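Participant: Below are the sequence and a predicted model for it; my questions follow.
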Amino acid sequence: MKLNKSVKKALAYACSVVLVVGIMTGYQKNVQGTIPEDMTVIDNTKDLHKPEGTAWQLYFGGAGGPVASGGFKGGTSLEDPFTLYVEQTSGAEWGIQAVTPQISGLKAFVTYQYSVTFTSSKAGTFYTKENYSNSKKVMQEYTEGENTVTGTFTPSGTGAVILFDMMEVESDTLFEFTDISVTDDFVEITTEAPTADAEGYEYTISEEWTNTTPWQAFAGGKNSMKFKSGTVDKNNIGLDMEILNSNGSDWSVQARILKEKAVFGPLVNQTTYDVEFSYTSSMSGSIVFQIAGNNNEPMQIEEGTHVITFEYASLETGYPNIYMNLAGLPTGTKFNFNAKFTEKQETSQSSPAETESSTEAKPVETESSTEAKPVETESSTESKPAESETPSVEKTTKPVASTEQKTDKPEITKQPESSSSAIGEEKTPDAGVAAPVKAKIVKVSVKKKSSKKIRMSLKKTSGAEGYQIAVYKTKKNAKQNKKALVKKFSKKTKVTVISKKLKNKKNLYLRVRAYALDKNKVKVYGKWSAIKRVKSK
């Protein structure tokens, strides 16, 4: 059947009307209501403000999302009922705020309980806190009809105001606040620590730290996690957790060990530690592993089981705080880790005793010849390590430093690399300890130029206790073992090197060598591997 052009247009128009009506019918479920005529419309501003006609302060801002809207009536004093209508919520944290009139006549440093009675046209959730004393924010669930919510605070002055964060209030909700009061005559209700589930996991409590030891956990707002208490054995720490909900906001999900618990350590001041951070994760993400306020660089986490090794230079003696920012792990991530701190055996400068022993090992190198040209001796020994046919066992050839020089540069201070400095000056090992064979890099990759991470696989070397990896900017530096961007040790054959020095480098050059240990735990090195170039994508 053929239809003329007019009929076709009419049918198309009718279909469009039906489609629009259908869409609008579904949309009506989520659309905001209408502000009652007897209410004053709330102006959208950038700041909390007190509109004319009320003693309450209000903020209905956009906060980067849909602009919130609503109206109010009354609330000219603390005793005057206040009606608030949320026409449409922004859905953003702190996107809708309401603050009561001032509550006066309080005593400083006395604990009070505030009580708010109101009716609501819908059930939902908002948050309350006393806004002058920096009290914790409390999640309050309410039902349709009459409700009373409470919280406690300790003011530092004689006044208080109660703040409501209505980020989760549903659109088209009408509130009427009828009574707001405080009292210091109340029975404080304490909640027991969360009960562990069948697998032994405990759950975070919104907006407060758990009291579990040695580890404590925190999740803000709607974020949450469950965890097992974790382990601490001197310089070994571990934790098993699952991120139940995370919005990705910085430090919104955390775990910590406090130094006053005296469970991790003690660490020694001005001492470098090798840290082996082994973990298993069900998803990729990032964490911040912060020790004594240091190490704020995100640590990239990959799905699966991995080991990351790095150095930590202790700046204080005793038991440091450890904080973990877990907000970079996605919702649903199952994550467990163990971090082992081992005091580094080698130092960047040799002690007088070590220098003497190295001089005795080679009596031909007299004190005068060593002092006359320490740089030449060093460069002549290390200028062409790649051409050497014998396994390299590096040792100190520097002259004995005076007491004054030792004071200026303590043993733990790393010397800046120069054209004459080679990688890792070592103590003299016992004679007769066999050096491992030449190491080999099997595979190496870097995801992109902006990455701060290189992943590599090494061939398992017979007799090796571990491996030293060095990364260079140029092939020339790699050949001469000079000016390494990154140096690290690993006991594993699958290694991830992480450093901000690797960022934005188009080409990087890698070498690796295996080492064995003598009875004094001094490293005996095998030959350097062939140079491996890695090109960023």
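Facilitator: Yep, it's here. What you are looking at is a predicted structure, and each value in this text was computed from that prediction instead of being measured. Numbering: from 1, shown residues only.

Participant: For the stretch 301-450 of the chain, which residues score under the pLDDT cut-off?
Facilitator: By pLDDT under 70, the low-scoring segments of the stretch 301-450 of the chain are 346-432, 447, 449.

Participant: can you rerun that using 80?
Facilitator: Within the stretch 301-450 of the chain, the stretches with pLDDT under 80 are 315-316, 345-436, 442, 445-450.

Participant: Would you enumerate the residues in contact with residue 197?
Facilitator: Neighbouring residues of residue 197 by C-beta atoms under 8 Å, 6 or more residues apart in numbering: 203, 226. (Each C-beta comes from the backbone N, C-alpha and C, glycine too.)

Participant: whoops, residue 315 was the one
Facilitator: The neighbourhood of residue 315, defined by C-beta under 8 Å, 6+ apart, consists of 269, 270, 292, 294.

Participant: Let me know the distance separating the last one from residue 256.
Facilitator: Counting by C-beta to C-beta, to the nearest Å, the separation of residue 294 from residue 256 is 15 Å.

Participant: try residue 165
Facilitator: Note on residue 165: its distance to residue 256, by C-beta to C-beta, is 25 Å.

Participant: more neighbours, these two?
Facilitator: Set side by side, residue 165 and residue 256 show more neighbours around residue 165, with 21 against 17, by other C-beta atoms under 10 Å.

Participant: residues in contact with the more buried one?
Facilitator: Each residue near residue 165 by C-beta under 8 Å, 6+ apart is listed here: 93, 94, 96, 97, 126, 127, 128, 129, 137.

Participant: Count residues in the vicinity of the fourth one, would you?
Facilitator: Using other C-beta under 10 Å, residue 97 has 19 other residues around it.

Participant: before we move on, what about the second one?
Facilitator: By the measure other C-beta under 10 Å, the count of residues near residue 94 is 15.

Participant: isn't it right up against residue 167?
Facilitator: Yes - under the criterion of C-beta atoms under 8 Å, residue 94 makes contact with residue 167 at 6.7 Å.

Participant: still on that earlier bit, now, of the contacts of residue 315, which are buried?
Facilitator: Among those, the ones that count as buried by 16 or more other C-beta atoms under 10 Å are residue 292.

Participant: Among the contacts of residue 315, which one sits closest to residue 209?
Facilitator: Residue 209 lies nearest to residue 292 out of those, by C-beta to C-beta, at 18.8 Å.

Participant: Let me see the contact set for the closest one.
Facilitator: So residue 292 contacts 314, 315, 316, 320, 321 (C-beta under 8 Å, 6+ apart).

Participant: now it: how far from residue 258?
Facilitator: According to C-beta to C-beta, residue 292 stands 12 Å off from residue 258.

Participant: List the residues that are in contact with both of the two.
Facilitator: Shared contacts of residue 292 and residue 258 (C-beta under 8 Å, 6+ apart): residue 321.

Participant: re the thing from before, in TSV: the contacts of residue 165, plus pLDDT and distance to residue 152.
Facilitator: Listed next are those as TSV, based on pLDDT from 0 to 100; distance: C-beta to C-beta, whole Å:
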residue	pLDDT	distance to residue 152
93	68	23
94	74	22
96	88	24
97	90	21
126	89	17
127	89	15
128	92	11
129	91	10
137	82	12
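
Participant: What is the nearest of these to residue 526?
Facilitator: residue 93 (56.2 Å).

Participant: Beyond the worst-scoring helix or strand of the chain on mean pLDDT, next helix or strand please.
Facilitator: When the helices and strands of the chain are scored by mean pLDDT, DSSP states H and E, helix 403-408 comes last with a mean of 34. Using DSSP states H and E, the helix or strand that follows helix 403-408 in sequence is strand 441-445.

Participant: ok, and what's touching that following strand?
Facilitator: Against strand 441-445 from outside (C-beta under 8 Å, 6+ apart): 454, 455, 456, 457, 458, 459, 510, 512, 529, 530, 532, 534.

Participant: strand partners of it, parallel vs antiparallel please.
Facilitator: Here strand 441-445 has these sheet partners by DSSP bridges: strand 453-458 (antiparallel).

Participant: can you list the residues that contact the strand it pairs with?
Facilitator: 300, 439-447, 467, 469, 471, 493-498, 502, 508, 510, 512, 534.

Participant: In PDB, could you pull the C-alpha coordinates for it?
Facilitator: Output in PDB follows, covering the C-alpha atoms of strand 453-458 (Å, rounded to 0.1, in the frame of the first residue of the first chain):
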ATOM      1  CA  LYS A 453      57.200   2.100  35.900                       C
ATOM      2  CA  ILE A 454      59.100  -0.600  34.100                       C
ATOM      3  CA  ARG A 455      58.200  -4.300  34.300                       C
ATOM      4  CA  MET A 456      60.700  -7.000  33.500                       C
ATOM      5  CA  SER A 457      61.400 -10.700  33.700                       C
ATOM      6  CA  LEU A 458      64.800 -12.100  34.400                       C
END
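
Participant: Could you report the neighbour count for residue 445?
Facilitator: Using other C-beta under 10 Å, residue 445 has 14 other residues around it.

Participant: Look up which residues are beta-bridged to it.
Facilitator: Residue 445 forms beta bridges with residue 455, as assigned by DSSP bridges.

Participant: and what of residue 218?
Facilitator: Per DSSP bridges, the residues bridged to residue 218 are residue 254.

Participant: coming back round to it: just the buried residues of the contacts of residue 292.
Facilitator: Buried members of the contacts of residue 292, scored by 16+ other C-beta under 10 Å, are 314, 320.

Participant: Next, check the contacts of residue 292 against the strands and list the overlap.
Facilitator: Members of the contacts of residue 292 lying in strands (criterion: DSSP state E): residue 314.

Participant: Which one of the contacts of residue 292 is nearest to residue 205?
Facilitator: Of all these, residue 205 sits closest to residue 321, with 21.1 Å by C-beta to C-beta.

Participant: Enumerate every residue touching that closest one.
Facilitator: Counting by C-beta under 8 Å, 6+ apart, residue 321 has contacts 256, 257, 258, 259, 291, 292, 293.

Participant: what would those look like in TSV with pLDDT, distance to residue 242 and secondary structure?
Facilitator: As requested, the contacts of residue 321 are exported to TSV (pLDDT from 0 to 100; distance: C-beta to C-beta, whole Å; DSSP: H, G, I helix; E, B strand; the rest coil):
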residue	pLDDT	distance to residue 242	secondary structure
256	91	18	strand
257	89	19	strand
258	87	23	coil
259	85	27	helix
291	88	24	strand
292	84	27	coil
293	79	27	coil
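
Participant: Kindly indicate the member of those residues with the most neighbours.
Facilitator: Using other C-beta under 10 Å as the neighbour test, those are led by residue 257, with 23 neighbours.

Participant: you'd agree that residue is up against residue 214?
Facilitator: Yes - the pair residue 257 / residue 214 is scored as a contact, 5.5 Å apart, by C-beta under 8 Å.

Participant: Pull up the overlap in contacts between the two.
Facilitator: Shared contacts of residue 257 and residue 214 (C-beta under 8 Å, 6+ apart): 232, 237, 263, 264.

Participant: roughly how far apart are residue 128 and residue 150?
Facilitator: Taking C-beta to C-beta, one finds residue 128 at 9 Å from residue 150.
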